[in-house]
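A.B. asks: Generate coordinates for the sequence data below:
(one chain, ligands or ions: 1)
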Amino acid sequence: MSGQVYLDYAATTFTAPEVVSAMAPYFTQSFGNPSSIYSFSEENRRAIAESRQKVADVIGASRDEIYFTSGGTEADNWALKGVAWRNRAKGNHVITTKIEHHAVLYAAKFLQENGFEVTFLDVDPEGRVRPEDVARALTDRTILVSVMFANNEIGTIQPVAKIGALCRERGVPFHTDAVQAVAHVPIDVKAMNIDLLSMSAHKFYGPKGVGALYVRKGIRIENLIHGGGQERGRRATTENVAGIVGLGAAIELTSSRMKESSARIAALRDILIDGVMKNIPYAKFNGAPSGERLPNNANFSFIGIEGETLLLDLDREGVYASTGSACSSGSLDPSHVLMAIGLTHEQAHGSLRMTLGEETTEEHVRHVLEVLPRIVKRRREMSPLWEDFLKSIEGGR
Ligand code: PLP
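C.D. replies: Numbers count the residues shown, from 1 in each chain. Take a look at the predicted model:
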């Protein structure tokens, strides 16, 4: 097979051509500052309002509950720091989980270093947060619960509605980082009792550098970015008009094809998973089974192999994927998510994440199934870790 096989859609997606077209006029024609009162800027204000409505419609919110941000990271930081700070007179306890994205995890650690008490909940071996653990952790001083909608590494979808219901019962604001889920799985913030929700356009075929935070009416939250009066006085800085238009166009496009797309992509993902598990000895499948994971996520561990080496070998075959051992992000630590589901360091270091998307074809999947077993076999033959592993299982017989 020639060409590239991009299997890293969870890292980012391309911007859909329709989305680029929708954005284009806001760079060159309608470039006015939305805060200016002259009629030239009217079109920009209208476009921002329309985008806000599109975002609200997809998650079952109302337009005035949506605030645009610079991406998922800012939305997460705003939710955690903003709610904690604003409600500090009520209590100082925050609950989150060990498998959150660093945008939540490090914001929570920042709170911890600044006088808040944070509970980091464990997950089960398939990466699920247990609602009963959330219930047990809630105290009279809890002012926020933050549990991600779906995990970016292993794809496990959390029992968000159950967690939302028990937070609502106790009157505790519930935030969910839905960066990997929005426009890919159905979300209804009202039915699921979600009070705050983060999203990011570049995960659903929109541009990078723009996202949104949903804040339910009545939720008390402090501003994160101080300055001008944009976003109804809640988030300063001149609006990223083209980006906001792109976010609106992308969420509309991606959610309108969600049903067919996720069925097609999930079927390809299952071919990939079956093929890997059948053709690679001692492969470990990470995360929850089909119904409880993102339609596009497959995650494996191959004992005896370094994830980075695997990525380089795959790159040579035109396949772009990702690993959970975080060398790729500049550290040698194994993924906190894979450690939290109970993997050993060796298993975490030998992990491979493949995430499928709109341009993934069966031919792409077949190509991976042809090259991956060969690469794994060759690398294992050179690996002292693999030799040790074989000896250990022989010894166990
Ligand atoms: N949260 C999750 C679950 C993510 O997967 C990501 C991006 O990988 C983020 C937050 C951060 O989003 P952004 O890149 O828009 O800052």
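A.B. asks: make it CA atoms for all contacts and neighbour counts henceforth
C.D. replies: Will do.
A.B. asks: what's the single longest helix in the protein?
C.D. replies: The residue-count maximum for a helix in the chain (DSSP state H) belongs to helix 258-279.
A.B. asks: Identify each buried residue in it, please.
C.D. replies: By neighbour count with 16 or more other CA atoms under 10 Å, helix 258-279 contains the buried residues 258, 261-262, 264-270, 272-273, 275-276.
A.B. asks: try stretch 364-383
C.D. replies: For stretch 364-383, the neighbour count (16+ other CA under 10 Å) marks 364-369, 372-373, 375-376, 379-380, 383 as buried.
A.B. asks: mind putting those residues in TSV, secondary structure and distance to Gln180 included?
C.D. replies: Output for the buried residues of stretch 364-383, formatted as TSV (DSSP: H, G, I helix; E, B strand; the rest coil; distance: CA to CA, whole Å):
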residue	secondary structure	distance to Gln180
His364	helix	22
Val365	helix	21
Arg366	helix	25
His367	helix	26
Val368	helix	23
Leu369	helix	25
Leu372	helix	26
Pro373	helix	28
Ile375	helix	29
Val376	helix	28
Arg379	helix	32
Arg380	helix	33
Ser383	coil	35
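A.B. asks: Test my guess that Ser200 contacts Glu74.
C.D. replies: No - assessed by CA atoms under 8 Å, Ser200 is found out of contact with Glu74, at 9.6 Å.
A.B. asks: Count the neighbours of Leu385 for me.
C.D. replies: For Leu385, the count of nearby residues is 16 (other CA atoms under 10 Å).
A.B. asks: follow-up on the earlier one: Ser200 and Glu74: which has the busier surroundings?
C.D. replies: Neighbours per residue (other CA under 10 Å) separate Ser200 from Glu74, with Ser200 holding more: 32 against 24.
A.B. asks: What's opposite that one in the beta bridge?
C.D. replies: Taking DSSP bridges, one finds Gly211 as the beta-bridge partners of Ser200.
A.B. asks: contacting residues around it?
C.D. replies: Taking CA atoms under 8 Å, 6 or more residues apart in numbering, we find Ser200 in contact with Gly71, Gly72, Val179, Lys208, Gly209, Val210, Gly211, Ala212.
A.B. asks: Can you convert these into TSV and add a column each for distance to the ligand?
C.D. replies: Below are the contacts of Ser200 laid out as TSV (distance: CA to the nearest ligand atom, whole Å):
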residue	distance to the ligand
Gly71	4
Gly72	4
Val179	5
Lys208	7
Gly209	6
Val210	7
Gly211	6
Ala212	9
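A.B. asks: can you dump the C-alpha coordinates of stretch 133-141 into PDB?
C.D. replies: Provided in PDB are the C-alpha atoms of stretch 133-141 (Å, rounded to 0.1, in the frame of the first residue of the first chain):
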ATOM      1  CA  ASP A 133     -16.600   5.700  44.800                       C
ATOM      2  CA  VAL A 134     -17.700   9.200  43.900                       C
ATOM      3  CA  ALA A 135     -20.600   8.900  46.400                       C
ATOM      4  CA  ARG A 136     -18.200   7.800  49.100                       C
ATOM      5  CA  ALA A 137     -15.800  10.600  48.500                       C
ATOM      6  CA  LEU A 138     -18.400  13.400  48.600                       C
ATOM      7  CA  THR A 139     -18.300  15.400  51.900                       C
ATOM      8  CA  ASP A 140     -20.000  18.500  53.100                       C
ATOM      9  CA  ARG A 141     -17.000  20.400  52.000                       C
END
